[in-house]
Structures are given as C-alpha cells and as structure tokens.
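Q: Quick one: sequence and predicted model below, then my questions.
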Amino acid sequence: MSKLAKVNKGFEVTTLAIVAAIIVILVAVSWILYENHKTTKSVTTTSKTAKSLINTTAIYAGWKTYSLPGGMSIQYPTTWTLGTSSSSYTLYSPVDNHTNLQYDLSFYQDTNSNVGSSKDVVVFSLPLGLFGKKPLYMQALDFKSVTGKDVSGLYVSNTNAKPSSLTAETNGFSLTTDTTYILIASLESKGAVSNSGESLVAYVNSPYYSTLINVFRSLKAN
C-alpha cells in the first residue's frame, strides 16, 4: 500500500470517528434537553395545580358549610345570614348601603319541573364548574323581555343556554333525572316581600356579586 493510500485511509477513519462522536454528543444533548423539558412541564403543571388548590382554599377559608336536602351542601361567608322554612332554605347577603339591595338565595326541590313563566328568557349565562359529573351554569332570567332590565333572578342550571333562546321551564339542576332542584338568587330591597325585577346591571354591580358566584360554585354533592 502506497504512503498516499495509507494517509487517505487514516483520514477516512478519523473522519468517521469524528462524525460518530458528534452524533453521540447530539443524541446526549437532545436527551438532556428532553428530560429537562419534561421536568419543567411537570413542575409547571404541579405548580398550577397547587396554586389552584391554594386559591380555592383561600376563597372558602372561614366560610360556613350548610347541608341541604338531597345529599348536597353549600358554603357561605359568615357575614351572610341563613334562614330556613318548611319548603325552602334561604340565604341573605349583606345589604348594599348605596342601593339598599341584597341577594336573597332560595333553594328548594322543584316539584313542578319548571321555574317562573314561559316569558322568562335567558339574558346571561356563566359557567360555574361541575356538580358531580354534570356541568353547572349561572343564568340570568328576564321575565318581561330580552333586554335584561327586569331580571327575576340568577339561577343555577345544568343547561348552557344561549341568551334569548331558552325559556325558564328548562332551568334547575340535578344529580339524577328523578329530582330537580332550584337554586336562585334574587336581588331585592331589604325587607321586600317579592321580587320587583332589578336590571342585570344592578345584579352584576352589587359588591357581593363575586361572592355570590363563589357561593354557587361551592355547591357539591356530599
């Protein structure tokens, strides 16, 4: 073998060795980056979950829990007042000193399978989460029109209704198909006998609106 052939062969071997080394290095770096990505993603997910649990715990810290018929319960702040009657369970928010209005929450079994009249239409819908395996929504119903000027109440429902498209008869929620329950928050003047129909703007602008949503979201099956 000539000296030039030996040099070329040696060069080829060296080149192959360098290429192999580069491939090994690239594979190792890729594996490290992949493992770091998995770890970072796992830490991020765990952090988000922990943060969610901490936030939920913080929201309901110090709240009272009340057991409702049908194996359910609800949580409410200590500043809210609970009252019961033979047919319904009522929860009152504090009174807004600027408007003299307060939320009046009523919970009862819907024996007639309907709420309100056929003129009641959905003017607003908000997802609340899950009740058991069923979704829950908060819906504002207007008993005179679709303008949101005469809202009869904020109802909890299993149905995600499109505004102006659903009458009140389909509202209510349940764990089973056998029993339907009604949870409604009406905005009323303190001491009012019946709901005169406040505007949706008044409902949303109440200083206790966000607390009301959390009360609704605390509903759970025991």
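A: Structure received. Numbers count the residues shown, from 1 in each chain.
Q: Can you pull the poorly scored residue ranges out of this structure?
A: For the chain, residues meeting the criterion pLDDT under 70 lie at 1-14, 34-57, 85-87, 111-119, 144-148, 162-171, 175-178, 191-196.
Q: can you list the domain ranges for it.
A: What automatic domain parsing lists as the domains of the chain is 1-59, 64-221.
Q: Now the helix or strand Asn214 falls within: buried residues?
A: Assigned by DSSP states H and E, Asn214 falls within helix 209-217. By 16 or more other CB atoms under 10 Å, the buried positions in helix 209-217 come out as 209, 211-212, 214-217. (Each C-beta comes from the backbone N, C-alpha and C, glycine too.)
Q: now those residues as JSON lines including distance to Leu126?
A: As requested, these are exported to JSON lines (distance: CB to CB, whole Å):
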{"residue": "Tyr209", "distance to Leu126": "11"}
{"residue": "Thr211", "distance to Leu126": "14"}
{"residue": "Leu212", "distance to Leu126": "11"}
{"residue": "Asn214", "distance to Leu126": "12"}
{"residue": "Val215", "distance to Leu126": "13"}
{"residue": "Phe216", "distance to Leu126": "9"}
{"residue": "Arg217", "distance to Leu126": "10"}
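Q: Out of these, flag the one nearest to Thr78.
A: Thr211 (11.6 Å; CB to CB).
Q: Surely that closest one and Thr78 touch.
A: No: Thr211 is not in contact with Thr78 according to CB atoms under 8 Å; the separation is 11.6 Å.
Q: in the lengthiest strand in the chain, what counts as buried?
A: Scanning the chain for the longest strand, with DSSP state E as the assignment, gives strand 121-131. For strand 121-131, burial by neighbour count (16+ other CB under 10 Å) applies to 121-125, 128, 131.
Q: Same check on stretch 25-36?
A: Under 16+ other CB under 10 Å, stretch 25-36 has no buried positions.
Q: what number of residues lie near the residue nearest to Thr211 when sequence neighbours are not counted?
A: Using CB to CB, 6 or more residues apart in numbering and skipping residues adjacent in sequence, the residue nearest Thr211 is Pro77, 6.3 Å away. Residues lying near Pro77 (other CB atoms under 10 Å) number 16.
Q: tell me the contacts of Pro77?
A: 62-64, 211, 215 (CB atoms under 8 Å, 6 or more residues apart in numbering).
Q: Strands along the protein, start to end?
A: 64-68, 72-76, 81-84, 89-92, 101-109, 121-131, 134-142, 151-157, 181-189, 220-221.
Q: Which member of the buried residues of strand 121-131 is positioned nearest Asp110?
A: Comparing the buried residues of strand 121-131 against Asp110 with CB to CB places Phe131 closest, at 15.1 Å.
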